[in-house]
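Chemist: when you get a sec, could you give me coordinates for this:
(2 chains)
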Number of protein chains: 2
Amino acid sequence: MGPPEDSPVGHPMFARIRLATPSDVPHIHKMIHQMAVFERLTHLCSATENSLSSTLFSPTTKPFHSFTIFLLEVSPNPFTDSVITDPSFTPVVKVVHLDLPIDDPEKETFTTNAVNDVSVAGFVLFFPNYSTFLAKPGFYIEDLFVRDCFRRKGFGKMLLSTVAKQAVKMGYGRVEWVVLDWNVNAIKFYEEMGAKILHEWRVCRLTGDALEAYGIAD
Amino acid sequence: MGPPEDSPVGHPMFARIRLATPSDVPHIHKMIHQMAVFERLTHLCSATENSLSSTLFSPTTKPFHSFTIFLLEVSPNPFTDSVITDPSFTPVVKVVHLDLPIDDPEKETFTTNAVNDVSVAGFVLFFPNYSTFLAKPGFYIEDLFVRDCFRRKGFGKMLLSTVAKQAVKMGYGRVEWVVLDWNVNAIKFYEEMGAKILHEWRVCRLTGDALEAYGIAD
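Modeler: You can find the predicted model right below:
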């Protein structure tokens, strides 16, 4: 006799998305570094815990009206703690049923609540942008990251959907981000999420010495 | 006998960049519409004076920390009025010497100060973005527009430089924007300004019905 039809099989994993707080910076910093390793761009990554703290959690950074981070946490147990840190967002919780439990080689590094076995599995960093044609704000997603052992389980989609849902809730007109043109898997994933790829547009960037030169120019 | 060597020849035109205020919205709205005509995208442009006012000048939009507009004004006379509307920015004034005076067919529509013959000639709309690798904010330029009869006189450069200078002043790491890949003149201009074109990146956009669907999804 198999399991009853209404009993989910496999290993449940509880996933929660909440607003990040200053105490999450060490975990965010480690994930930013992992992202740089994945993109082979560590030489361009100069973020430190201090520089992230002061720029992401300054008095002017109000969630959704400035730089905002959703943190993804996972646990084999239901979440018991309340993490409503801002009245503007109620954390999102989902349960996924895995065939096999996930073996997280960095579990200790990313633990946020040892008692309840909660770890950080990913994040998305976004902030408002603006369309003059729509005369509406939107959200721009700067980073979407899921730690290696948690990939291909729908967590990227969960993070992106939560940003999209928040945009709709606020009456915003667009959610935008960029993708590398050779990353066909990512492009396919985004198109399945309903996104259009703007093939004709190119990003222009003024940075480093070329930018600094404007500080001393007339 | 010609003019003395230290006397500039031609027709002086005074140009000033200042922060826009809510009373500038009618002019900004008209320029956004002209931009849509230029880009043959009027069918995508649904901005009204009301929708622009409420989204660009809400209580949460603090200059440089949210959506920000620099307005370009021109006059054949030196500016006499004070337009310091925010302590964070001192207006920039330049004099250009033209061979011929500019005949502005829409002068009446764009006048801001009839007594001193001041008209609006362009604008740039920008807002903060963020780089996790730098752990620093930057500016993203959504629109840069100079009215038709004022083009090719260095005003686009003046607007872009003023944004870049402000970024440096605030310790920001980047100024970014997008360009159409077939717009070779614009690309050449931006490269001459010191910008790099990121050829590998593509913009992804979730909007309209595809975005709205997330509002009702689980």
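Chemist: which strand residues bridge residue A:128?
Modeler: residue A:139 (DSSP bridges).
Chemist: what's the burial count for it?
Modeler: With neighbours defined by other C-beta atoms under 10 Å in any protein chain shown, the count for residue A:128 comes to 23. (Each C-beta comes from the backbone N, C-alpha and C, glycine too.)
Chemist: that one and residue B:60 touch, don't they?
Modeler: No - in this structure residue A:128 lies outside contact range of residue B:60 using C-beta atoms under 8 Å: 9.3 Å.
Chemist: between these two, which contacts overlap?
Modeler: A:65, B:66 (C-beta atoms under 8 Å, 6 or more residues apart in numbering or on different chains).
Chemist: quick one: contacts for the residue nearest the centre of chain A?
Modeler: Nearest to the mean C-alpha position of chain A, by C-alpha atoms, centre = their mean, lies residue A:124 at 1.3 Å. Residues near residue A:124 by C-beta under 8 Å, 6+ apart: A:69, A:70, A:72, A:141, A:143, A:144, A:145, A:159, A:160, A:162, A:163.
Chemist: skipping adjacent residues, who's closest to it in space?
Modeler: residue A:159 (4.3 Å; C-beta to C-beta, 6 or more residues apart in numbering or on different chains).
Chemist: from what I see, residue A:189 and residue A:156 are in contact.
Modeler: Yes - with contact defined as C-beta under 8 Å, residue A:189 reaches residue A:156; the gap is 7.2 Å.
Chemist: who touches stretch A:178-188?
Modeler: Outside of stretch A:178-188, the residues within contact range by C-beta under 8 Å, 6+ apart are A:190, A:197, A:203, B:200, B:201, B:202, B:203, B:204.
Chemist: just the buried residues of it, please?
Modeler: A:178, A:179, A:187 (16 or more other C-beta atoms under 10 Å in any protein chain shown).
Chemist: helices along chain A, start to end?
Modeler: Taking DSSP state H to define them, one finds helices in chain A at A:25-38, A:49-56, A:155-169, A:184-192, A:208-216.
Chemist: ranking those by burial, who's on top?
Modeler: Comparing the helices of chain A by mean neighbour count (mean count of other C-beta atoms under 10 Å in any protein chain shown), helix A:155-169 comes out on top with a mean of 21.
Chemist: so what does that one touch, helix or strand wise?
Modeler: Counting contacts by 3 or more C-beta pairs under 8 Å, 6 or more residues apart in numbering or on different chains; DSSP states H and E, helix A:155-169 packs against strand A:11-19, strand A:68-75, strand A:92-98, strand A:118-131, strand A:136-146, strand A:174-180, helix B:208-216.
Chemist: wait, residue A:47 touches residue B:130, no?
Modeler: No - in this structure residue A:47 lies outside contact range of residue B:130 using C-beta under 8 Å: 10.7 Å.
Chemist: between those two, which has more neighbouring residues?
Modeler: residue B:130 (25 against 21).
Chemist: in contact with the more buried one, which residues?
Modeler: Residue B:130 is in contact with A:55, A:56, A:67, A:125, A:127, A:142, B:136, B:137, B:138, counting by C-beta under 8 Å, 6+ apart.
Chemist: and what of residue A:17?
Modeler: Residue A:17 neighbours (C-beta under 8 Å, 6+ apart): A:70, A:71, A:72, A:73, A:91, A:92, A:158, A:159, A:162.
Chemist: can we see that at 6 Å?
Modeler: A:70, A:72, A:92, A:162 (C-beta atoms under 6 Å, 6 or more residues apart in numbering or on different chains).
Chemist: need the pLDDT of the spatially closest residue to it that is not a sequence neighbour.
Modeler: Nearest residue to residue A:17, sequence neighbours excluded (C-beta to C-beta, 6+ apart): residue A:92, at 4.5 Å. With respect to pLDDT, residue A:92 scores 95.
Chemist: do residue A:83 as well
Modeler: pLDDT, residue A:83: 75.
Chemist: so it makes contact with residue A:90?
Modeler: No - taking contacts as C-beta atoms under 6 Å, residue A:83 lies outside contact range of residue A:90: 9.8 Å.
Chemist: neighbour count for these two, which is higher?
Modeler: residue A:83 (18 against 11).
Chemist: where's the more buried one relative to residue A:129, distance?
Modeler: Using C-beta to C-beta, to the nearest Å, we find residue A:83 at a distance of 27 Å from residue A:129.
Chemist: what does residue A:189 give?
Modeler: 21 Å.
Chemist: low pLDDT regions in chain A?
Modeler: Applying pLDDT under 70 to chain A flags the ranges A:1-9, A:218.
Chemist: if we use 50, what do you get?
Modeler: Along chain A, the parts satisfying pLDDT under 50 run over A:1-6.
Chemist: who's in contact with residue A:161?
Modeler: residue B:214.
Chemist: try residue A:16
Modeler: A:73, A:79, A:91, A:93.
Chemist: would you mind writing the ChimeraX command to select the buried ones in the residues you listed?
Modeler: Those of those that count as buried under 16+ other C-beta under 10 Å are selected in ChimeraX with:
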select /A:73,79,91
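Chemist: okay, the contacts of residue A:16 in CSV with distance to chain B next?
Modeler: As requested, those are exported to CSV (distance: C-beta to the nearest C-beta, whole Å):
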residue, distance to chain B
A:73, 19
A:79, 18
A:91, 15
A:93, 12
